[in-house]
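>>> Below are the sequence and a predicted model for it; my questions follow.
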Number of protein chains: 2
Amino acid sequence: MSDDGWDTAVAVLRLAAQLIDGIQEGVQRRGFDDVRPAHGFAFVRISTGDATTADVAVHLGITKQAAAQLVGHLVDRGYVERRPDPRDRRARLLVLTDRGWACTAAAKEAATETVGLWKKRLSQSMYRHLATTLDALAEPGRLRPVW
Amino acid sequence: MSDDGWDTAVAVLRLAAQLIDGIQEGVQRRGFDDVRPAHGFAFVRISTGDATTADVAVHLGITKQAAAQLVGHLVDRGYVERRPDPRDRRARLLVLTDRGWACTAAAKEAATETVGLWKKRLSQSMYRHLATTLDALAEPGRLRPVW
DNA sequence: GGCGCCAGACAGTCAGCTTGTCTATATGGA
DNA sequence: TCCATATAGACAAGCTGACTGTCTGGCGCC
């Protein structure tokens, strides 16, 4: 394997795919069959309690129109509620319902499960090394669909 | 919060996004502005010289109709040619044109560049550790759009 | 008050993928 | 040899999720 980085690149993409598949499968297995991966990452932003639709758009790196559609989906299915923003009557604050919190928890559990599979296949020190290195490389910012 | 794996999961997704963005940007910078990331991974399969449209579909994890559309795109733009398969008159073998090979090379260069940014930010031993670990975790198989 | 800016809604469009169906060819068994 | 079944690929129609453009209502600064 020539170390030109191509193999590493492919490996990263494969891991990302494993992860998304694992989370999606785990979330569905826990009874939430009407959510897509992107919804989980919207929940992450919404769970802070101070998010508007425009904030979700920035978080996911999509237009606010697309975010509005996505949030509408979540509202329709009972994961999210829109509340008036006491400080800005144009805005609607987004808050998770109980179902929304449950789904968020399910997503995190599923992620833990999938990453757990990696842990099991690595020595403890290798895993810690990996986690540290990934953390160092990952830049904060939008978390968006990969391609 | 650490070590429930969530942070690691997020980091993997962020890296994958960095990678796709980097490759896409680099490929466009090299003059190929009519290809999408998925096309690059189709090239990988086609470059073996024995691929049919159905093979590309399996490789990308999409339906063969979607693959046919994608391949049609590549044929229209001069990246790929369809040839009769001497052993099966139903099938059409896909081969890369010169332009197709050039684009494949551009994608690999762009990937190398992006991974090179990671290398620069890590010690040599940390990078090698990372590459080895990722390689151990990545399972062979389809390489498909991430979500 | 008047001006521009921002949140969100509504309408229209488009790309990419899906399912369903069809023809032509291949393959294996009675 | 003939027929049943499977496969490669083409064509058609429809869906989803993204996009741009436009509009209203509320904010905030001068």
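Yep, it's here. Numbering: from 1, shown residues only, chains lettered A, B, ... in the order given.

>>> all contacts plus neighbour counts: C-alpha atoms, from now on.
Fine.

>>> remind me, longest strand of chain A?
Longest strand in chain A by number of residues (criterion: DSSP state E): strand A:88-96.

>>> what's that one packed up against?
Contact here means 3 or more Cα pairs under 8 Å, 6 or more residues apart in numbering or on different chains; DSSP states H and E; on that basis strand A:88-96 packs against helix A:37-46, helix A:53-60, strand A:80-85.

>>> need the contact list for the residue nearest to the spatial centre of chain A.
Centroid-nearest residue in chain A: A:Phe41, 2.8 Å away (criterion: Cα atoms, centre = their mean). Counting by Cα atoms under 8 Å, 6 or more residues apart in numbering or on different chains, A:Phe41 touches A:60, A:143.

>>> A:Thr104 is in what secondary structure piece?
Following DSSP states H and E, one finds A:Thr104 within helix A:98-121.

>>> So what angle separates the directions of that helix and helix A:37-46?
110 degrees (axes from the mean of the first three to the mean of the last three Cα atoms, to 10 degrees).

>>> who touches helix A:98-121?
With Cα under 8 Å, 6+ apart as the criterion, helix A:98-121 contacts A:18-19, A:22-27, A:30, A:32, A:40, A:43-44, A:47, A:78-80, A:127, B:4-6, B:8-9, B:137.

>>> Show me what from chain A comes close to chain B.
Counting by Cα under 8 Å from any Cα of the partner chain, chain A comes close to chain B at A:4-9, A:11-17, A:19-20, A:37-38, A:108, A:111-112, A:115-116, A:118, A:121, A:126, A:129-131, A:133-135, A:137-139, A:143-147.

>>> Mind checking which of those are in helices?
Per DSSP state H, helices hold the following members of those: A:6-9, A:11-17, A:19-20, A:37-38, A:108, A:111-112, A:115-116, A:118, A:121, A:126, A:129-131, A:133-135, A:137.

>>> are any of the contacts of helix A:98-121 buried, and which?
With burial judged by 16 or more other Cα atoms under 10 Å in any protein chain shown, the buried subset of the contacts of helix A:98-121 is A:18-19, A:22-24, A:26-27, A:32, A:40, A:43-44, A:47, A:79-80, A:127, B:5-6, B:8-9, B:137.

>>> Mind checking which of the residues of chain A next to chain B are buried?
Using 16+ other Cα under 10 Å as the threshold, A:5-9, A:11-17, A:19-20, A:37, A:108, A:111-112, A:115, A:118, A:126, A:129-131, A:133-135, A:137-138, A:143-146 are the buried ones among the residues of chain A next to chain B.

>>> circling back to that earlier point, between the helices and strands packed on strand A:88-96, which one is nearest to DNA strand C?
Nearest to DNA strand C among the helices and strands packed on strand A:88-96 is helix A:53-60 (3.9 Å), distances taken as Cα to the nearest atom of the strand.

>>> From the contact counts, what lies against that closest one?
Under the contact criterion of 3+ Cα pairs under 8 Å, 6+ apart, helix A:53-60 touches helix A:37-46, helix A:64-76, strand A:88-96.

>>> Low-confidence regions, chain A specifically.
A:1-3, A:141-142, A:145-147 (pLDDT under 70).

>>> one more time with 80
A:1-3, A:140-147 (pLDDT under 80).

>>> Residue numbers of it in contact with DNA strand D?
Counting by Cα under 7 Å from any atom of the strand, the residues of chain A close to DNA strand D are A:36, A:38, A:61-67, A:69-70, A:87-90.

>>> switch the cut-off to 10 Å
A:34-39, A:57, A:60-71, A:73, A:85-91, A:144-145 (Cα under 10 Å from any atom of the strand).

>>> now, which of these lie close to DNA strand C?
Restricting these to those near DNA strand C by Cα under 10 Å from any atom of the strand leaves A:57, A:63-71, A:85, A:88-91.

>>> In the residues you listed, which residue is surrounded by the most others?
A:Val71 (26 neighbours; other Cα atoms under 10 Å in any protein chain shown).

>>> Okay, that one and A:Asp4: tell me how far apart.
Taking Cα to Cα, to the nearest Å as the measure, A:Val71 falls 42 Å from A:Asp4.

>>> Check A:Val80 too.
Taken as Cα to Cα, the span from A:Val80 to A:Asp4 is 45 Å.

>>> Same check on A:Leu19?
On the measure of Cα to Cα, A:Leu19 and A:Asp4 end up 25 Å apart.

>>> For A:Asp81, which residues are in contact?
Check again: residue A:81 is Glu, not Asp. Counted by Cα under 8 Å, 6+ apart, A:Glu81 has contacts A:75, A:94-97.
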